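> everything below, folded, please.
(one chain, ligands or ions: 1)
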Amino acid sequence: MAFKIGILISGNGSNMVNIVEACKKKTLTSTVEIVICNNPKAKGIKKAEYLDIETKIIPNKNLSTDDFEEKIINSFKEKNVDLICLAGFMKILSKKFFNKWKKHVINIHPSLLPSFKGLNAQKQAFLYGVKYTGCTVHFVDENLDSGKIIGQEVVKISQKDTLQSITRKILKKEHILYINAIRYLEGSIKL
Ligand code: GRF
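Now for the predicted structure:
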């Protein structure tokens, strides 16, 4: 099944670019209809524009959660989006959002959930001293990094690794995993 994807970002947007490119290259049968960003200064906005993807900035700063989420839902509905991909989106969506939005919402998180939820997951894992970390794509609900897991990729941490090298290795795996997770939802592969 091909999805009409809507992507939510707040920052750099490398996962978003990766998904857009996979759609353009037909690695995915889905298409990216719109990228919405809550941070007007995010680098990802220009990247989406450069890729010729419709972008919308909806800053959450002066809006209530209800109004902010209503605007997001309306924008996605206007574009007939049926799969929302969070890609470095730094806001937790509320229970009300999921009462109104019944279709899939998925997220990528830079740790092997359920370990190291929340911010700076790579740093949490590094400081904890785990020997393996990685990334997870999961369904999103109103709780933090807690929905059903779709897929995971593992990164081995060696003694030579620094936080920067681990973060880089995880991001590389994220780009592979996110595409495979969407392909799995499309019904093209098994995970
Ligand atoms: C990634 O590490 C992702 O796992 C996390 O936020 C980061 C976003 O990176 N949720 P980018 O904006 O896609 O480059």
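> would you list the phi and psi of Asn80?
With angles defined as degrees, to the nearest 10, Asn80 sits at phi 60, psi 30.
> can you check the pLDDT for it?
Confidence at Asn80, expressed as pLDDT, is 98.
> tell me the spacing between the residue nearest in space to the middle of the chain and the ligand.
Centroid-nearest residue in the chain, with CA atoms, centre = their mean: Ala87, separated by 2.5 Å. For Ala87, the distance to the ligand equals 5 Å [CB to the nearest ligand atom, to the nearest Å]. Every residue, glycine included, has its C-beta placed from N, CA and C.
> residues contacting that residue?
Ala87 sits next to 7-9, 13, 15-16, 19, 44, 108, 178 when contact means CB atoms under 8 Å, 6 or more residues apart in numbering.
> now do the helices in this structure.
14-24, 43-50, 65-78, 95-100, 121-128, 163-186 (DSSP state H).
> what's the nearest residue to the residue in the chain that the ligand sits nearest to if we skip its chain neighbours?
As assessed by CB to the nearest ligand atom, the ligand sits closest to Gly88 within the chain, at 2.7 Å. Sequence neighbours aside, Gly11 is the residue nearest to Gly88 in space, at 4.8 Å (criterion: CB to CB, 6 or more residues apart in numbering).
> that neighbour: neighbour count?
18 (other CB atoms under 10 Å).
> I figured it hits Pro40, correct?
No: distance between Gly11 and Pro40: 11.8 Å, which falls outside the contact criterion (CB atoms under 8 Å).
> show me what from the chain comes close to the ligand.
For the chain, the contact set with the ligand under CB under 6 Å from any ligand atom comprises 11-15, 87-88, 108-110, 135, 171, 174.
> out of those residues, which are buried?
Those of the residues of the chain next to the ligand that meet the buried threshold are 11, 13-15, 87-88, 108-110, 135, 171, 174, by 16 or more other CB atoms under 10 Å.
> where does this structure dip in pLDDT?
For the chain, applying pLDDT under 70 flags no range at all.
> which residues does Lys100 contact?
By CB under 8 Å, 6+ apart, the neighbours of Lys100 are 69, 73.
> roughly how far apart are it and Lys71?
According to CB to CB, to the nearest Å, Lys100 stands 12 Å off from Lys71.
> ok, now Asn80?
As for Asn80, its distance to Lys71 is 17 Å (criterion: CB to CB).
> who has more neighbours out of those two?
A direct count of neighbours by other CB under 10 Å for Asn80 and Lys71 places Lys71 higher, at 16 against 9.
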